[in-house]
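K.L.:
Quick one, structure for this:
(6 chains)
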There are 4 protein chains.
Amino acid sequence: MAEGASEAIGGIAAEALQQYVDRIEKLEEEKKALAEDIKQVYSEAKSTGFDTKILRKIIALRRVEEHERKEQEELLDLYKRAIGME
Amino acid sequence: MAEGASEAIGGIAAEALQQYVDRIEKLEEEKKALAEDIKQVYSEAKSTGFDTKILRKIIALRRVEEHERKEQEELLDLYKRAIGME
Amino acid sequence: MAEGASEAIGGIAAEALQQYVDRIEKLEEEKKALAEDIKQVYSEAKSTGFDTKILRKIIALRRVEEHERKEQEELLDLYKRAIGME
Amino acid sequence: MAEGASEAIGGIAAEALQQYVDRIEKLEEEKKALAEDIKQVYSEAKSTGFDTKILRKIIALRRVEEHERKEQEELLDLYKRAIGME
DNA sequence: CTGCCATTTTACCGGC
DNA sequence: GCCGGTAAAATGGCAG
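P.N.:
Predicted coordinates for the structure are as follows:
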C-alpha cells in the first residue's frame, strides 16, 4: 500500500473520514483550551477578591444585552429594506 | 482625583473588574468562533455524503477512549504512590 | 363545588400539579437516601484501611469503561443501519 | 486456588475491595434508576401541559423552604436546651 | 475553607 | 415550528 494512503476498506471515503475526524478533534482541543483559560481568569479574579458568582452574572447579563442589541439591529435593517433604504 | 484614574465604586475596584470582564468576553468570543468552525466541518462532511450522526458518534467514542486512558494512568499513579514508587 | 374535587386555579389543574410535585419529591428523597448510603460505604471502606481516593478512581474507571462499551455498541448499530442490516 | 476466593495478590484486601466496589456500584445503579424515574415524571407532566421549567422551580422552592424549616427547628431546640427545657 | 468534582439546569442544534 | 437529545454553564456538595 502506498505511503500516506488510508486503508483500502472504504477507499477514498476512509481517508476523507479520517481528515474530518482530525479537523474536528483539533478544533475541539483548541476550544477546550480556551475553556480552561476562561476558568483561569475567573480563578484569578476570585483570588483578587471578586465574587465569581456575581462576575458570572455580569457576563451573562451582558451576553443577553448584546443579543438584544443585535436583534434590534436586524429589525432595523428589515425595516430599512422594507422601505427601500438599503 | 486625577482624570483617567480608577476608583472604588461602592468598594469595588471598577477598573480591575472591567479588565476581567473584557478578558473573559474576548476568550468566550474566540471559543464561540471555534464552535462555529466545528459546526462548519460537520456541515461540510454532511455535504460530501457522510452521516453526521455516525461522525459524531465516532468523535464521542474516541473521546471516551481517551478519557479511559487518562483514568487508567491516574489510577496507576495512585497505586505507585500508595506503595512508595513515586 | 363539591368538597374534595379539584379545580383549575388560574387555569392550572391544581390537583394534577400537586400529584406531580408529590411524586417527584418522594423520588428525590429516595435518591438522596441512596447518596447517603454511598457516602456511608466509602466511609466504611476508609475506616477499614482503604484509600478512598483510589477506590473512587476505580469506580470512575469502571464507569468510563462501561460508557465506552455502550458507545461502541451504538456506533456498531449505526453502521448496521447504514448498510441496511437492521 | 480455592473457588470463590479473590486473587492472592493483596490477599483478603482484594476481596474486601471487590465487595466495596460492588456495593457502591449497586447503589449508584439504583440512584441512576431513580434519576431516570424523576425525568420520566417531568416528561409526563410536560405531556399533560405543564411547563417543566416552572415545575422545577416549584420543587426547588419547596426544598429551600423545607431547609429553612429544619434550621428553625434546630434553633428552637438549641434555645430549649439553653434554658434546660429538653 | 478552598478547590475540585458531580449534578443540575440552561441553551442549542439538528431532525421531523 | 416543535421536540428530542446533546453540549455548556452554573450551582452545590464533598474531600482534603
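K.L.:
what about the most centrally placed residue in chain A, distance to A:Arg23?
P.N.:
Nearest to the geometric centre of chain A sits A:Lys31, at 7.3 Å (C-alpha atoms, centre = their mean). Distance from A:Lys31 to A:Arg23, counting by C-beta to C-beta, to the nearest Å: 13 Å. From N, CA and C alone the C-beta is placed, and that goes for glycine too.
K.L.:
near DNA strand F at all, the helix or strand where A:Glu71 lies?
P.N.:
Secondary structure from DSSP states H and E places A:Glu71 in helix A:52-82. Yes. Judged by C-beta under 7 Å from any atom of the strand, helix A:52-82 comes into contact with DNA strand F at A:Lys53, A:Arg56, A:Lys57, A:Ile59, A:Ala60.
K.L.:
For these, which single residue is the most surrounded?
P.N.:
The most crowded member of those, judged by other C-beta atoms under 10 Å in any protein chain shown, is A:Ile59 (16 neighbours).
K.L.:
I'd assumed B:Ile24 was in contact with that residue.
P.N.:
Yes. At 5.7 Å, A:Ile59 and B:Ile24 qualify as touching, with contact defined as C-beta atoms under 8 Å.
K.L.:
ok, back up a step: the residue nearest to the centre of chain A belongs to a helix?
P.N.:
Yes. Counting by DSSP: H, G, I helix; E, B strand; the rest coil, A:Lys31 is located in a helix.
K.L.:
which residue packs closest to it, ignoring adjacent ones?
P.N.:
Counting by C-beta to C-beta, 6 or more residues apart in numbering or on different chains, B:Leu34 is the residue found nearest to A:Lys31 once chain neighbours are left out, at 4.3 Å.
K.L.:
what sits against the residue nearest to the centre of chain A?
P.N.:
B:Lys31, B:Leu34, B:Ala35, B:Ile38 (C-beta atoms under 8 Å, 6 or more residues apart in numbering or on different chains).
K.L.:
Name only those of these that count as buried.
P.N.:
B:Lys31, B:Leu34, B:Ile38 (16 or more other C-beta atoms under 10 Å in any protein chain shown).
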